[in-house]
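[1] just a sequence and a predicted model for now, questions to come.
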Amino acid sequence: MDFKHYLQVLKDNTPYDFSNYSDNSIKRRLQKVILDNGLTIDELLDKTQTDKGFVERLVEDITVNTTELFRDPEIWPQFYEKLYPALKGKKTFNIWHAGCSSGMEVYSNMIILNELGLLEQARIFATDISLGMVRQCTNGSYRYEFNKKQLSDFEDIIKKSPIQGISKIDFNKYFDFDLENDRINIKDFLKKKVEIRQHDLVQEKVPFYNKFDVIFCRNVLIYFNANLQSKIYQMFHNQLYPKGSMILGNHESLTGFYKTKFSKNGPLYTKTNVFHFKYQ
Amino acid sequence: MVRPKYKAVVIGGSAGSFSVVSKLLSQLREDFPLPVIICLHRLKHVRSGLVESIRLKSKLEVIEPNDKEQIMAGKVYLAPSNYHMFVEYDGTFSLSTEKPLNHSRPSIDHTLTSAAYVYRNKLIGIVLTGANKDGAKGMKDIADKKGLTIIQDPKTCEMDTMPKSVARLIKPDKVLSPDEISTFLNQLAI
């Protein structure tokens, strides 16, 4: 059975559609899952159609859930150089983390918002395809050892290039450190503020009715083929307020048609003015 | 016009390979007719600097590609920090942040294996100095697809673990010093 056939079975029997993921990478990860589980093709097909728990685990395994606290630390001062002027002075603003994985970037961003005195006005939304990731995001509990270096790198970065004057952050305000159990636990006041939902970007249905000032979607669309990427860019364009911004991964860029719908503004892609035709 | 026998060169290296790659790119002729795809291990938190330093001496344009970027002849592509870099069947790169392979992201095996499947016997694979075994499996895939395999002569390596791991899995077509590698590649351009 070739992997495209399997993806069709998955699509027909579950809510998950991976048929427009990049061929090479989805094939490779699918093969690994099959190998790791020691399944025959028949067992795989059977479990896919009958075992919901298996399907959830499979989705978690074939999607990529890499994230870190303050991932790419050097980029954060650049985000806020562009975002801060647009957000300060607003009564409320909405931020969507699309493909939030375990939520580390969601909380990293909230910490910066709080330091800048913007957290109260912010409404934070986060979505991920995987139920397991949605749970981890809700729990906000991460491995300390894994993040130790990131946190100190981030401290070094903002000492050198402060974020709107912020050059030091007291992490004790945001985390309960439980070093004995190798945990960093996010404090409740941050966790309570995020609205988290399971949502698959591929379905192209919008998860929230409101529009957004900022959409974070870093290193998520790289797993999709170019055709699906375009559809998601269109959806983000529709869901952004005029002059709202989309934040992609460091090595993602818009091509073709969508280059004209967003203007590149440092590491941000900002929705350009759209002409509206008036019918008289 | 003579059709070139090869379509791409893919190079992997780790400890000690920066100066080898830097010199190689200074020696490659300006009209080198193939894309040169390079995957070097780097320190995860030293983000910038590598591509700039490599650019200094290279006669060819050096790019850290974005996801879905088209692969062009005569350009040098360096796997960006903290991403795996794959060659896709449609002649583009795809990037991924899935977990490190052989403790590395970028992983040389990922780049070499994906290139082996796409370019098959039209690929030249080169593994340089390095202190681990990343790249060995990828070179085996290149050999399996009848591509040309070259390792840096272990006698000229700062760390010879990487080329030696390749030689344990396959018999490389050529074992060359850094200068011999650039001479060989430049001959292809004639």
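    Everything's here; your move. Computed from a predicted model, the values in this text were never measured in an experiment. Residues are numbered from 1 along each chain as shown, chains lettered A, B, ... in the order given.
[2] which residue is nearest the centroid of chain B?
    Nearest to the mean C-alpha position of chain B, by Cα atoms, centre = their mean, lies residue B:11 at 1.4 Å.
[3] next, work out how far apart that one and chain A are.
    Look at residue B:11 and chain A: by Cβ to the nearest Cβ, to the nearest Å, they are 19 Å apart. Backbone N, C-alpha and C define where each C-beta goes, glycine included.
[4] contacting residues for that residue?
    B:21, B:24, B:36, B:37, B:38, B:39, B:125, B:126, B:127, B:128 (Cβ atoms under 8 Å, 6 or more residues apart in numbering or on different chains).
[5] doesn't it lie inside a strand?
    Yes. Residue B:11 sits within a strand when classified using DSSP: H, G, I helix; E, B strand; the rest coil.
[6] per-residue pLDDT, it?
    Looking at residue B:11, its pLDDT reads 98.
[7] how about residue A:258?
    Residue A:258 is given a pLDDT of 84.
[8] also the one 5 residues further on?
    The confidence metric pLDDT takes the value 92 at residue A:263.
[9] show me the beta-bridge partners of it.
    residue A:270 (DSSP bridges).
[10] other residues contacting the one helix or strand in chain B whose mean pLDDT sits lowest?
    Across the helices and strands of chain B, mean pLDDT, DSSP states H and E gives its lowest value to helix B:50-57, namely a mean of 86. Applying Cβ under 8 Å, 6+ apart, the contact partners of helix B:50-57 are B:18, B:21-23, B:25-26, B:40, B:42, B:62, B:64, B:76, B:78, B:81.
[11] now that helix: buried residues?
    Neighbour counts over helix B:50-57 (16 or more other Cβ atoms under 10 Å in any protein chain shown) mark B:50, B:51, B:54, B:55 as buried.
[12] now, of the contacts of helix B:50-57, which are buried?
    B:18, B:21, B:22, B:25, B:40, B:42, B:62, B:64, B:76, B:78, B:81.
[13] go through the buried residues of helix B:50-57 and say which is closest to chain A.
    The shortest approach to chain A among the buried residues of helix B:50-57 belongs to residue B:51, at 11.8 Å (Cβ to the nearest Cβ).
[14] can you give me how far the least confident helix or strand of chain B is from the chain middle?
    Averaging C-alpha positions (Cα atoms, centre = their mean, to the nearest Å) puts helix B:50-57 16 Å from its chain's average.
[15] only alpha carbons, please: show that helix as CSV.
    Provided in CSV are the C-alpha atoms of helix B:50-57 (Å, rounded to 0.1, in the frame of the first residue of the first chain):
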residue,chain,number,x,y,z
LEU,B,50,28.3,31.1,9.4
VAL,B,51,26.7,32.0,6.1
GLU,B,52,28.3,35.5,6.2
SER,B,53,31.8,34.0,6.7
ILE,B,54,31.3,31.4,4.0
ARG,B,55,30.1,34.1,1.6
LEU,B,56,33.3,36.1,2.1
LYS,B,57,35.4,33.8,0.1
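[16] and whichever helix or strand comes after it, what other elements does it pack with?
    Sequence-wise, the next helix or strand downstream of helix B:50-57 (DSSP states H and E) is strand B:61-63. Contacts defined by 3 or more Cβ pairs under 8 Å, 6 or more residues apart in numbering or on different chains; DSSP states H and E place strand B:61-63 against helix B:50-57, strand B:75-78.
[17] would JSON lines of those with distance to residue B:150 be doable?
    Compiled in JSON lines, the helices and strands packed on strand B:61-63 are given as follows (distance: least, Cβ to Cβ, whole Å):
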{"stretch": "helix B:50-57", "distance to residue B:150": "20"}
{"stretch": "strand B:75-78", "distance to residue B:150": "17"}
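[18] so where's chain B shaky on pLDDT?
    B:1-4, B:43-48, B:189-190 (pLDDT under 70).
[19] what do you get if the cut-off is 80, keeping everything else the same?
    Within chain B, the ranges that satisfy pLDDT under 80 run B:1-4, B:42-49, B:189-190.
[20] just the helices from the stretch 101-250 of chain A, written as ranges.
    A:104-115, A:131-139, A:144-160, A:188-191, A:226-239 (DSSP state H, counting those that start in this stretch).
[21] pick the most deeply packed of those.
    helix A:104-115 (a mean of 23; mean count of other Cβ atoms under 10 Å in any protein chain shown).
[22] next, the angle helix A:131-139 makes with that helix.
    20 degrees (axes from the mean of the first three to the mean of the last three Cα atoms, to 10 degrees).
[23] mind giving me the packing neighbours of whatever helix or strand residue B:137 lives in?
    Assigned by DSSP H and E, residue B:137 belongs to helix B:136-144. If contacts are counted by 3+ Cβ pairs under 8 Å, 6+ apart, helix B:136-144 sits against helix B:108-119, strand B:123-127, strand B:148-152, helix B:161-169.
[24] most tightly surrounded among those?
    Most buried of these, by mean neighbour count (mean count of other Cβ under 10 Å): strand B:123-127, with a mean of 29.
[25] so what strands line up beside that strand?
    Sheet pairing for strand B:123-127, using DSSP bridges, gives strand B:8-13 (parallel), strand B:148-152 (parallel).
[26] can you put those in a markdown table and add distance to residue A:106?
    What follows is the strands paired with strand B:123-127, written out as a markdown table (distance: least, Cβ to Cβ, whole Å):
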| stretch | distance to residue A:106 |
| --- | --- |
| strand B:8-13 | 36 |
| strand B:148-152 | 45 |
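[27] which stretch among those strands comes nearest residue A:247?
    Among the strands paired with strand B:123-127, strand B:8-13 comes nearest to residue A:247, with 31.7 Å by Cβ to Cβ.
[28] got the buried residues for the closest one?
    B:8, B:9, B:10, B:11, B:12, B:13.
[29] out of those residues, which two sit at the greatest distance?
    B:8 and B:13, at 16.6 Å, using Cβ to Cβ across those.
[30] picking up where we left off before, residue B:88: which of the contacts of residue B:11 is nearest?
    Nearest member of these to residue B:88, counting by Cβ to Cβ, is residue B:37, at 12.2 Å.
[31] how far away is the closest one from chain A?
    15 Å.
[32] who does residue A:246 form a beta bridge with?
    Per DSSP bridges, the residues bridged to residue A:246 are residue A:215, residue A:269.
[33] surely it meets residue A:269?
    Yes. Residue A:246 lies in contact with residue A:269 (Cβ atoms under 8 Å); the separation is 4.5 Å.
[34] residues shared between the contacts of the two?
    Common neighbours of residue A:246 and residue A:269 are listed as residue A:262 (criterion: Cβ under 8 Å, 6+ apart).
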